[in-house]
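**Q** Predicted model, plus sequence, below.
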Amino acid sequence: MGCVPVVEVGPRRPGPEFLVGGAEFALEAASRGSATRMAIFDEDLAARYAGHRVVQERLPGAISNGKLQVFFQPQIDLSTGGVQGFEALVRWSCNGRFIPTPELIHAEEQNGLIMDLDRFMLSEAAQIVSKWNRTHRKRLAVSSNLSAGNMTNEDTVDFVASVLQRSGLPPELLTVEITESIELEHDPRVQSIVEQLRALGCRVSIDDFGAGYSTFRYLRDIRVDEIKIDRSLVMDIEESPSARHILESVIRMSEQLGRSTVVEGVETEGQVDLIRSFGGATAQGFFYGKPRPALDWLADTTYRPRSEPHPVPAA
Ligand code: C2E
Ligand code: MG
Ligand code: MG
């Protein structure tokens, strides 16, 4: 855990609470691991666990103290080469270093704070883009991620409605991204919430399509506006004919279902050329730029519009 100096990491003589918590942490690490299913609570794991505890302790104050930052990553319409909008991605800096986002999201889920985090991000992202569009006469769109907790909670619809009202963002410029999960697949509330969100006029996207295990059932049962294809379906398309065929088929399927398509994790010009030849997709990835503070990207794309490639700044 980069953010925590080692001296802060843990007690010199770990007490029972640290040991029991550490054992649970090791158990979780083992259950997330691959074939061996064994994790030894060695120095490395102890340091990660101590860092995890610090994150858990400091997170609750992070939102209220404005410590979370909204980063944007552009989405490029491949038919025009122009920036269509942005995905909002959370960043949290602790002791001057960014906590890896998957770790942060995982900790928030465990703390039950993920819903607050999502709502903070959605609200901030909508405000920022709406204000920018009004000032600069633009029609940039924004996508924000909603976790399972929000997609099974009816309040989410009222919350999104209030965000639209407060920000003044036209609903069609807001997309909420939901990631498939076992919890969501079997929860009947998801379909109703998706329908209500679409009735507000905003768009719903299935994120990380192709990374999970049962995405076709999702596609069949839940009517969404957009399919966001996971990076794992893109990364080998230049070398592997099978990977190419799979990606092309998914893009065509999305088209036939009447959904728009975003391809994530686009890193090379060769990938862009192939994706463009497969149909009318939007692309997002390091080739066009890494996530950066929202206003940096907005300023860049508004004042110096350029399609490709964009210089890649440090993450
Ligand atoms: P995601 O929503 O699928 O976001 C895309 C992730 O892929 C981002 O990672 C982005 O930095 C990374 N990425 C984009 N282009 C490329 C590329 O060309 N190559 C590679 N290797 N990676 C690329 P990030 O920012 O670390 O976020 C990870 C995940 O954390 C997100 O995946 C999303 O599931 C979650 N997340 C981020 N912000 C939020 C949030 O506000 N709420 C919720 N619930 N989840 C969030
Ligand atoms: Mg996403
Ligand atoms: Mg994704």
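**A** Received, thanks. These figures come from a predicted structure and were not determined experimentally. Ligands and ions are numbered 1, 2, ... in the order given.
**Q** use CA for all of it now, contacts and neighbours both
**A** Fine.
**Q** dump the residue contacts of residue 156.
**A** The contact partners of residue 156, by Cα atoms under 8 Å, 6 or more residues apart in numbering, come to 150, 193.
**Q** element containing it?
**A** Remark: residue 156 resides in helix 155-167, with elements defined by DSSP states H and E.
**Q** Where does the residue nearest the centre of the chain sit, in terms of helix or strand?
**A** Ranked by distance to the mean C-alpha position of the chain (Cα atoms, centre = their mean), the top residue is residue 145 at 5.2 Å. Assigned by DSSP H and E, residue 145 belongs to strand 141-146.
**Q** From the rest of the structure, what touches that strand?
**A** Residues contacting strand 141-146 (Cα under 8 Å, 6+ apart): 84-89, 115, 118, 121-122, 125-126, 129, 172-179.
**Q** Narrow those residues to those in helices?
**A** 115, 118, 121, 122, 125, 126, 129 (DSSP state H).
**Q** gap between the closest residue to residue 246 other than its chain neighbours and residue 200?
**A** Nearest non-adjacent residue to residue 246, counting by Cα to Cα, 6 or more residues apart in numbering: residue 233, 7.5 Å away. From residue 233 across to residue 200, the span is 32 Å (Cα to Cα, to the nearest Å).
**Q** repeat for residue 154
**A** From residue 154 to residue 200 the distance is 14 Å (Cα to Cα).
**Q** ok so, going back, okay, the strand holding residue 145 in PDB with CA atoms only?
**A** Output of strand 141-146 as PDB, limited to C-alpha atoms (Å, rounded to 0.1, in the frame of the first residue of the first chain):
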ATOM      1  CA  ALA A 141     -21.400  14.100 -22.400                       C
ATOM      2  CA  VAL A 142     -20.400  12.500 -19.100                       C
ATOM      3  CA  SER A 143     -20.500   8.900 -17.800                       C
ATOM      4  CA  SER A 144     -20.300   8.000 -14.200                       C
ATOM      5  CA  ASN A 145     -20.100   4.600 -12.500                       C
ATOM      6  CA  LEU A 146     -22.800   3.300 -10.200                       C
END
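**Q** okay, residue 233 and residue 200: which has more neighbours?
**A** The neighbour comparison of residue 233 against residue 200 (other Cα atoms under 10 Å) goes to residue 233, with 21 against 15.
**Q** partner residues bridging the residue of the stretch 1-150 of the chain found nearest ligand 3?
**A** As assessed by Cα to the ion, ligand 3 sits closest to residue 145 within the stretch 1-150 of the chain, at 9.0 Å. Beta bridges link residue 145 to residue 177, judged by DSSP bridges.
**Q** What's the separation between it and residue 235?
**A** Separation of residue 145 from residue 235 (Cα to Cα): 22 Å.
**Q** Also residue 297?
**A** Residue 297 is 25 Å from residue 235, by Cα to Cα.
**Q** Put the alpha carbons of stretch 181-193 into CSV.
**A** The C-alpha coordinates for stretch 181-193 follow below in CSV (Å, rounded to 0.1, in the frame of the first residue of the first chain):
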residue,chain,number,x,y,z
SER,A,181,-22.3,-8.8,-11.0
ILE,A,182,-23.8,-11.9,-9.4
GLU,A,183,-25.7,-9.7,-7.0
LEU,A,184,-27.2,-7.6,-9.7
GLU,A,185,-28.0,-10.5,-12.1
HIS,A,186,-30.4,-12.1,-9.6
ASP,A,187,-31.9,-8.9,-8.3
PRO,A,188,-35.3,-7.9,-9.9
ARG,A,189,-34.9,-4.3,-8.6
VAL,A,190,-32.1,-3.6,-11.2
GLN,A,191,-34.4,-3.8,-14.2
SER,A,192,-36.9,-1.5,-12.6
ILE,A,193,-34.2,1.0,-11.6
